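> Structure for the following, please:
(2 chains)
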Amino acid sequence: MSHHVRVNPIACEAHGICAELLPERITLDEWGYPIVDGRPLHGEQLEHARRAARACPTLALILQRERSRTPAS
Amino acid sequence: MSPPAPTAELHPAAPDGDSPAPAQLPRLLAGVRDERALTLDEHSALHGELPAVGGGGRSRSRTKARRLIEEVEAAGLCGCGGGGFPTATKMRSVAGARGRAIVVVNAIEAEPPSFKDRTLLELAPHLVLDGAVLAAEALRADEVVVAIGEHAGGSAASTYAAIQERSRAAQGRVTLTLASVGGGYVAGQESALISGLEGREALPTFTPPLPFERGLRRRPTLVNNAETLAHLALIARHGAGWFRRLGTDAHPGSALVTLSGPVAYPGVYEIEAGAPLPTLIDAAGGTTAGVRGVLTGGYAGTWAPSTAIDELALSRERLKAAGSSFGAGIVLLLSAETCPVAETTRLARWLAGESARQCGPCIHGLDAIAGAVEAIAAGAREQPSEQRLRTLASLTAGRGACAHPDGAVRVIASALRAFAPEFEDHRRSGPCERCRSASELPLPHRGGRRGGDRP
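Residues are numbered from 1 along each chain as shown, chains lettered A, B, ... in the order given. Model prediction:
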């Protein structure tokens, strides 16, 4: 089972804390919103991702387990 | 000038000597005349009674329901609202979800150049209701909600009357209700539609959950476009083999398209999927002015220069191969009398304004793109480089909760390519004489969106 990070773009308010806590996977765009690298996380990265998700003031950063694909809307 | 009956006999070009499929048009618009809705009696006389899906013993009805989904799958029916997702897969997802299902007919038709769902509900509402009832029975849903937009026009009355007719005729196998949902361009998106039906603003939500697992009133919800369900009603009666006697392997059957622009008879046409675009234009009485470009796939689709018209054929796979999409069947011709740069500038600003303003990259990205296009159109001293335009596109597309930023980026980027000579002129010399022409693209203000009249 693998984990990756995902952003809820509706909840995100560009606080930018995620980019500080998980620079391996997250950079910020010119407006301050996270650009997320959704590749699987391993070892220490996973711990950093957990910390970043907990630290997000709007809980917009989501740590997701690989799930089966569902129909698009 | 009144348009002819909104049907046309159009067939795809026979590939390399193959004989074309037998003519079977019109299907959805069969028997339509006088620009009014077919009554329930007329509809039943034309298409036959509604086949039974439920009823009988429980196991028998389950078998019948499974057969309908299998038939829809064999027919290759895909969603006609723009997404083109396989209908049978969607039905199976709802069937496999926990709880009593509900069916929503999506007739919001929020794309300004599209009129096909409203036309279908104005002329053949019972075909749409048949499909919704059959889908509901197959999913053991007890309720169908027909969702129409604020600017449903005559389709609101025809749909309401059709629902009343069915309740009088005691064809009440499933409860049918009509609901009007306000909102802008994104209101027709599935999750936005569910929000609108629940009394909130019709704005997209973050997924999952998708409507099939938790939709309207938290029930598993099948959201299907009105035209999709009308096709389903015919597949249930005549079978997948019949359905596939028209169209292409990848896009079987017929399709409704809305043709607008400088043609003698703009309007809604039922075509065979795969029909060449020039055939459609001929059926609409030909062009009435020079044509500069063509938009397929709607405001989330792709512009091509008029030189591409002869090569375009109207099916999902053919348009995809041409770098566009079938979308909701929109075909818009831009005349040579307007300025394509000015049209693109207005479209970019309108699309930015239609952002639900929920996701940062969509709010800021679409605004920055509109600003960049405006700077080019004005021939401003400081203009965005090609590299800057590419950066803005990649910072915007794919980063919202819904596909609005993706579609907006696609359509603006395609306009920059299709109308490259005019954009180059404007970069150098600023506005041209044609910049002052009235907008040919329908770009309604929110709250004062287009009326319900068909083109």
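
> Other residues contacting stretch B:188-196?
A:73, B:81, B:104, B:106, B:108-111, B:147, B:149, B:181-183, B:186-187, B:201-205, B:207, B:210-211, B:215-216, B:221, B:223, B:356, B:402-404 (Cβ atoms under 8 Å, 6 or more residues apart in numbering or on different chains). All C-beta spots, glycine's among them, are computed from the backbone N, C-alpha and C.

> need the contact list for the residue nearest in space to the middle of chain B.
The centroid of chain B falls nearest to B:A328 when counting by Cα atoms, centre = their mean (2.3 Å). If you count contacts by Cβ under 8 Å, 6+ apart, B:A328 has them with B:C80, B:G81, B:G82, B:E109, B:E111, B:S114, B:K116, B:N225, B:T258, B:G298.

> Number of residues surrounding the third one?
B:G82 sits with 25 neighbouring residues when counted by other Cβ atoms under 10 Å in any protein chain shown.

> so it sits right up against B:R316, yeah?
No. Counting by Cβ atoms under 8 Å, B:G82 stays clear of B:R316, with 10.9 Å between them.

> shared neighbours, those two?
In contact with both B:G82 and B:R316: B:S325, using Cβ under 8 Å, 6+ apart.

> Identify each buried residue in the helix or strand of chain A with the lowest mean pLDDT, please.
The weakest-scoring helix or strand in chain A, judged by mean pLDDT, DSSP states H and E, is strand A:61-65 (a mean of 93). Of all the residues in strand A:61-65, those buried under the rule 16 or more other Cβ atoms under 10 Å in any protein chain shown are A:L61, A:I62.

> List the neighbouring strands of it plus their orientation.
Sheet pairing of strand A:61-65 (DSSP bridges) gives strand A:3-7 (antiparallel).

> Need the residues that contact the partner strand.
So strand A:3-7 is in contact with A:18, A:22, A:25-26, A:33-34, A:36, A:38-41, A:46, A:49, A:52-53, A:60-66, going by Cβ under 8 Å, 6+ apart.

> can I get the CA coordinates of that strand in PDB?
The C-alpha coordinates for strand A:3-7 follow below in PDB (Å, rounded to 0.1, in the frame of the first residue of the first chain):
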ATOM      1  CA  HIS A   3       0.600   6.900   0.300                       C
ATOM      2  CA  HIS A   4       0.600  10.200  -1.500                       C
ATOM      3  CA  VAL A   5      -0.400  13.800  -0.800                       C
ATOM      4  CA  ARG A   6      -3.300  15.600  -2.400                       C
ATOM      5  CA  VAL A   7      -4.700  19.100  -1.800                       C
END
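
> That one - what's its average pLDDT?
Computed over strand A:3-7, the mean pLDDT rounds to 95.

> How much space separates the residue nearest the centre of chain A from B:V223?
Centroid-nearest residue in chain A, with Cα atoms, centre = their mean: A:V5, separated by 3.6 Å. A:V5 sits 29 Å away from B:V223, taking Cβ to Cβ, to the nearest Å as the criterion.

> Could you do A:L61 as well?
29 Å.

> who's in contact with the closest residue to chain A within the stretch 251-400 of chain B?
Residue nearest to chain A within the stretch 251-400 of chain B: B:C359 (3.7 Å; Cβ to the nearest Cβ). By Cβ under 8 Å, 6+ apart, the contact set of B:C359 is A:P9, A:I10, A:C12, B:R399, B:G400, B:A401, B:P405.

> Quick check: closest non-adjacent residue to it.
Nearest residue to B:C359, sequence neighbours excluded (Cβ to Cβ, 6 or more residues apart in numbering or on different chains): A:P9, at 3.7 Å.

> And the one you found, how far from B:A88?
31 Å.

> go on, B:L234?
According to Cβ to Cβ, B:L234 and B:A88 sit 15 Å apart.

> Please identify which of these two sits among more neighbours.
B:L234 (22 against 19).

> Dump the helix or strand where the more buried one lies to PDB, restricted to CA.
Under the criterion DSSP states H and E, the helix or strand holding B:L234 is helix B:226-243. Provided in PDB are the C-alpha atoms of helix B:226-243 (Å, rounded to 0.1, in the frame of the first residue of the first chain):
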ATOM      1  CA  ALA B 226     -31.200  14.300 -20.800                       C
ATOM      2  CA  GLU B 227     -30.100  13.200 -24.200                       C
ATOM      3  CA  THR B 228     -28.200  10.200 -22.800                       C
ATOM      4  CA  LEU B 229     -31.400   9.000 -21.200                       C
ATOM      5  CA  ALA B 230     -33.400   9.500 -24.400                       C
ATOM      6  CA  HIS B 231     -30.900   7.200 -26.200                       C
ATOM      7  CA  LEU B 232     -31.200   4.700 -23.400                       C
ATOM      8  CA  ALA B 233     -35.000   4.700 -23.800                       C
ATOM      9  CA  LEU B 234     -34.500   3.700 -27.500                       C
ATOM     10  CA  ILE B 235     -31.800   1.100 -26.700                       C
ATOM     11  CA  ALA B 236     -34.200  -0.500 -24.200                       C
ATOM     12  CA  ARG B 237     -36.800  -0.800 -26.900                       C
ATOM     13  CA  HIS B 238     -34.800  -1.800 -30.000                       C
ATOM     14  CA  GLY B 239     -31.500  -3.200 -28.600                       C
ATOM     15  CA  ALA B 240     -27.800  -2.500 -28.900                       C
ATOM     16  CA  GLY B 241     -27.600  -3.900 -32.500                       C
ATOM     17  CA  TRP B 242     -30.200  -1.500 -33.700                       C
ATOM     18  CA  PHE B 243     -28.400   1.400 -31.900                       C
END
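
> Following element in sequence after that helix, please.
Beyond helix B:226-243 on the C-terminal side, the first helix or strand identified by DSSP H and E is strand B:254-260.

> and that following strand, average pLDDT?
Average pLDDT, strand B:254-260: 98.

> okay, the angle between the following helix or strand past that strand and helix B:226-243?
With elements assigned by DSSP H and E, the helix or strand that comes after strand B:254-260 is strand B:267-272. Strand B:267-272 runs at 30 degrees relative to helix B:226-243, counting by axes from the mean of the first three to the mean of the last three Cα atoms, to 10 degrees.

> Listing partners with orientation, what would you give for strand B:267-272?
Here strand B:267-272 has these sheet partners by DSSP bridges: strand B:254-260 (antiparallel).

> buried ones in the partner strand?
B:S254, B:A255, B:L256, B:V257, B:T258, B:L259, B:S260.

> For that strand, which outside residues touch it?
With Cβ under 8 Å, 6+ apart as the criterion, strand B:254-260 contacts B:24-29, B:80, B:113-117, B:119-120, B:227, B:231, B:246-247, B:266-273, B:280-281, B:284, B:314-315, B:326, B:328-333, B:442, B:455.

> hmm, try it at 7 Å
B:25, B:27-28, B:80, B:113-116, B:120, B:227, B:246-247, B:266-273, B:280, B:284, B:314, B:329-332, B:455 (Cβ atoms under 7 Å, 6 or more residues apart in numbering or on different chains).

> so where's the longest helix in chain A?
Longest helix in chain A by number of residues, with DSSP state H as the criterion: helix A:43-55.

> what's the residue lying farthest from the centre of chain B sitting at in phi/psi?
Relative to the mean C-alpha coordinate of chain B, counting by Cα atoms, centre = their mean, the farthest residue is B:R381 (40.0 Å). Per-residue torsions, B:R381: phi -60, psi -40 (degrees, to the nearest 10).

> now B:S325
phi -150, psi 160.

> Skip the chain neighbours and tell me the closest residue to it.
B:G297 (3.8 Å).

> Then A:P34?
For A:P34, the spatially nearest residue (Cβ to Cβ, 6+ apart) is A:I26, at 4.8 Å.

> again with B:E150
Leaving aside its sequence neighbours, B:E150 sits nearest to B:G182 (Cβ to Cβ, 6+ apart; 5.0 Å).

> burial measure for that neighbour, as a count.
B:G182: 15 neighbours (other Cβ under 10 Å).

> Next: the one 3 residues further on.
By the measure other Cβ under 10 Å, the count of residues near B:Y185 is 26.

> ok, it touching B:A110?
Yes. Under the criterion of Cβ atoms under 7 Å, B:Y185 makes contact with B:A110 at 5.2 Å.
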